[in-house]
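Peer 1: take this sequence and fold it.
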Amino acid sequence: MADTFLFRLPREIYFGSGQGKRVGELVQRFGGKALVVTGKHFTKKYGILDEVLDSLRSASVEAIVFDQVEPEPSLATVDRGLRLSYEENCIMVISLGGGSVLDCGKAIAGVWGNGESVVPYFTSGSQVSRPGLPWIAMPTTAGTGSEMTNNAVLTDYEHNLKKSVRSPLFIATMAIIDPLYTHFMDRYLTAVSGIDALVQAIEAYTSPRANPMTDFLALEATETLWRYLPLAVEEGSNPEYRKQMALGSMVSAMAFANTSSGPVHGLAHMVGPDFHIVHGESCGLLFPPVARFNAQILRERYIRLAQVTGYDTVEGWIEAFEQLLRRIGLRTRLRDFGRRKEELQAVVREERIGPNIRENPRAMGKKELIMLLEEVW
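Peer 2: Predicted structure coming up:
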């Protein structure tokens, strides 16, 4: 655990039911035109987009809607949104949606003024040199935590490569977290986004960059999410469960954004694109083998996590995690997705092994990664 640390968060965070409809009032200080980044269906279907647009209109903020974000945002999609923001002379970017929408809008806002494309930052790993546009994050899921982080996860479909572009300048100017906007998630989306938030909290607590502040947040988030995730899946209309999930996700993201992801997320970024598995579900099924692999080295930390969730042993806690997956309806084996064991070798490629795997406290090479995938096959 680090004795000295840097802690970053969005400049302003508005949390609570009804905060979403205040967006116009809250952002009008930035000027008169916003690029509103959203998905193709979800926010329209449930009237969330209309509520946000009405709020902007009432505050005399013109909205340019960019609704082309796919479930795993591509470099091309980011570039289309970036071009539109230039053409329309937008002075802020508002992301309204799940993690993909947040990441796409974050990248558009961050790259604005730093070039015509996100591609150079994706391929080289270099960071933007100057601030882009103010970015306002409005999540409609409780799970990804993108509203707190300085990275945007994007996919290069041409080379089948998924990774992050990042910069301290990508941190949201404002996050507006309205639990009411998460009430429309179905059971599966609630489960996969919630398990992603839970794994993020766990990996924040076991990160080599953990510090006293993130430890406090990660433990609180783990306890909250472990308790309320199955309840929110089983009774999604309950406002208290939705509020607790939104709160747990936010707190998890605060910790995660100021530490680092671990091998669960690193492996999920390999498995997801190749096997077409939703990111949260990938994280869920990959956590148990990674935890067993790290159990001896991280035993003290795992015991503390076990204790806050009501278990006495690391082994019992990992088994309970698998039971939690089954309770919320998520799969626990790669074979459940129709994949063949022979396909696992090709998933692990050197260019995909990032810092979240290389910095694992127990050495992980290609051989160990394949072994972990085989264990969960």
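Peer 1: the residue nearest to the spatial centre of the chain in helix, strand or coil?
Peer 2: By CA atoms, centre = their mean, the mean C-alpha position of the chain lies nearest to residue 144, the distance being 2.5 Å. The local conformation at residue 144, judged by DSSP: H, G, I helix; E, B strand; the rest coil, is coil.
Peer 1: so it touches residue 97, yeah?
Peer 2: No: the pair residue 144 / residue 97 is not scored as a contact, 10.0 Å apart, by CB atoms under 8 Å. Every residue, glycine included, has its C-beta placed from N, CA and C.
Peer 1: buried set for stretch 310-325?
Peer 2: With burial defined by 16 or more other CB atoms under 10 Å, the residues of stretch 310-325 counted as buried are 311, 314, 317, 318, 320, 321, 324, 325.
Peer 1: where does pLDDT dip in this protein?
Peer 2: 1-2 (pLDDT under 70).
Peer 1: ok, longest helix in it?
Peer 2: In the chain, with assignment by DSSP state H, the single longest helix is helix 212-234.
Peer 1: which non-adjacent residue is nearest the residue nearest to the centre of the chain?
Peer 2: Nearest non-adjacent residue to residue 144, counting by CB to CB, 6 or more residues apart in numbering: residue 99, 2.9 Å away.
Peer 1: okay, now the nearest residue to residue 165 once chain neighbours are set aside: neighbour count?
Peer 2: Nearest residue to residue 165 in three dimensions, chain neighbours excluded: residue 121, at 4.7 Å (CB to CB, 6+ apart). Per other CB atoms under 10 Å, the neighbour tally for residue 121 reads 24.
Peer 1: list the contacts for residue 121?
Peer 2: Taking CB atoms under 8 Å, 6 or more residues apart in numbering, we find residue 121 in contact with 111, 114, 115, 127, 128, 165.
Peer 1: out of these, which comes closest to residue 306?
Peer 2: Checking these against residue 306 with CB to CB, the nearest one is residue 165 at 35.2 Å.
Peer 1: SS state for the closest one?
Peer 2: strand.
Peer 1: any idea how far residue 83 is from the residue nearest to residue 144?
Peer 2: 23 Å (CB to CB, to the nearest Å).
Peer 1: over to residue 83: give its phi and psi.
Peer 2: phi -60, psi -40 (degrees, to the nearest 10).
Peer 1: contacting residues for it?
Peer 2: With the criterion set at CB under 8 Å, 6+ apart, residue 83 makes contact with residue 116.
Peer 1: once you drop chain neighbours, what's closest to residue 148?
Peer 2: residue 253 (3.7 Å).
Peer 1: hang on, the earlier thing: are any of the contacts of residue 121 buried, and which?
Peer 2: For the contacts of residue 121, buried by 16+ other CB under 10 Å: 111, 114, 128, 165.
Peer 1: please enumerate the strands of this protein.
Peer 2: Taking DSSP state E as the criterion, the chain carries its strands at 12-15, 33-39, 62-69, 92-97, 135-139, 151-156, 161-166, 174-177.
Peer 1: okay, angle between the third one and strand 33-39 too, please.
Peer 2: Between the axis of strand 62-69 and that of strand 33-39 there is an angle of 20 degrees, by axes from the mean of the first three to the mean of the last three CA atoms, to 10 degrees.
Peer 1: list the strands paired with strand 62-69, with their directions.
Peer 2: strand 33-39 (parallel) (DSSP bridges).
Peer 1: please parse this structure into its domains.
Peer 2: 12-182, 187-376 (automatic domain parsing).
Peer 1: how about those in JSON lines, adding distance to residue 5?
Peer 2: Shown next, in JSON lines, are the domains of the chain (distance: least, CB to CB, whole Å):
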{"stretch": "domain 12-182", "distance to residue 5": "14"}
{"stretch": "domain 187-376", "distance to residue 5": "4"}
